[in-house]
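**Student:** take a look and give me a structure for this.
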Amino acid sequence: MTKFVSIIGNGESRFGFDLVPLKKFSTVVGCNAQFRDYNFDYFVCADRHMCQEAANTAGKHTTIYTRQRWHAEFAMWPNVKPLPDLPYEGDKRQDEPFHWGTGPYAGVVALTFKPKAIFMIGFDLHPTEKDVVNNIYKDTKGYEYIKRPVDPSYWVYQFEKLMSLNNCRWIVVNREGWTLPTEWSQHKNVFQETYEGMAKYINKQLTESK
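**Tutor:** Numbering: from 1, shown residues only. Sure thing, here's the model as predicted:
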């Protein structure tokens, strides 16, 4: 069992927030192009092209998860692993594995560690400006095709499914004034924190570990 897992989204709200200290007290699961900037132990790259770039870039001790349907294409990279099965079954379109994206799948990977708490950082869900893509890596390689904000309804639904599975605490970190989806806030094991509050918590954890 891992006490804490941090999963990192690419919402622009996390600009200026130092992710590096998270590795000192939690298992960190990154999403997509974060391997360009960070040396986390785990990355989820659901898209084939992003997985290829990660396999070519990340070190051999970094585990990269991608979709089961094309995992075999990466047989030359032993650190590329198939994503775990979804931990539940459903009959809706958003319950189908192929309609799960990298972010929610990072939550699935996080749960495999059986943590007491999962920190969700940078999962903004909505654009900060109307019709403007909210992604730190927008307009970079692999993101050029994204021209408009993605409807977050599947993300909200899928994370809610994960949050309802057990008593693991989910701490959703975002800016002051950001609204937690009601689908998430209905659960007693889901909490909201600001980046300032998270920074203080990290400092406390690192101070106590000395």
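
**Student:** use CA for all of it now, contacts and neighbours both
**Tutor:** Fine.

**Student:** burial of S6, as a residue count?
**Tutor:** Using other C-alpha atoms under 10 Å, S6 has 25 neighbouring residues.

**Student:** quick one: pLDDT of M1?
**Tutor:** Reported pLDDT at M1 in the predicted model: 58.

**Student:** where does E53 fall, phi/psi-wise?
**Tutor:** phi -60, psi -40 (degrees, to the nearest 10).

**Student:** strands along this structure, start to end?
**Tutor:** Assigned by DSSP state E, the chain shows strands spanning 4-8, 27-31, 42-44, 63-66, 80-82, 117-121, 169-174, 190-194.

**Student:** quickly run through the sheet partners of the longest one, with directions.
**Tutor:** Meaning strand 169-174. With DSSP bridges as the test, strand 169-174 is paired with strand 117-121 (parallel), strand 190-194 (parallel).

**Student:** figure out which of those is closest to K3.
**Tutor:** Among those, the nearest to K3 by C-alpha to C-alpha is strand 117-121 (6.6 Å).

**Student:** elements contacting the longest helix belonging to the chain?
**Tutor:** Across the chain, the helix with the greatest residue count (assigned by DSSP state H) is helix 195-208. Other helices and strands packing on helix 195-208, by 3 or more C-alpha pairs under 8 Å, 6 or more residues apart in numbering; DSSP states H and E, are strand 169-174.

**Student:** quick check: buried residues in the strand it packs on?
**Tutor:** R169, W170, I171, V172, V173, N174 (16 or more other C-alpha atoms under 10 Å).

**Student:** in CSV, list the strands paired with strand 169-174 along with mean pLDDT.
**Tutor:** Listed next are the strands paired with strand 169-174 as CSV, based on pLDDT from 0 to 100:
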stretch, mean pLDDT
strand 117-121, 98
strand 190-194, 98
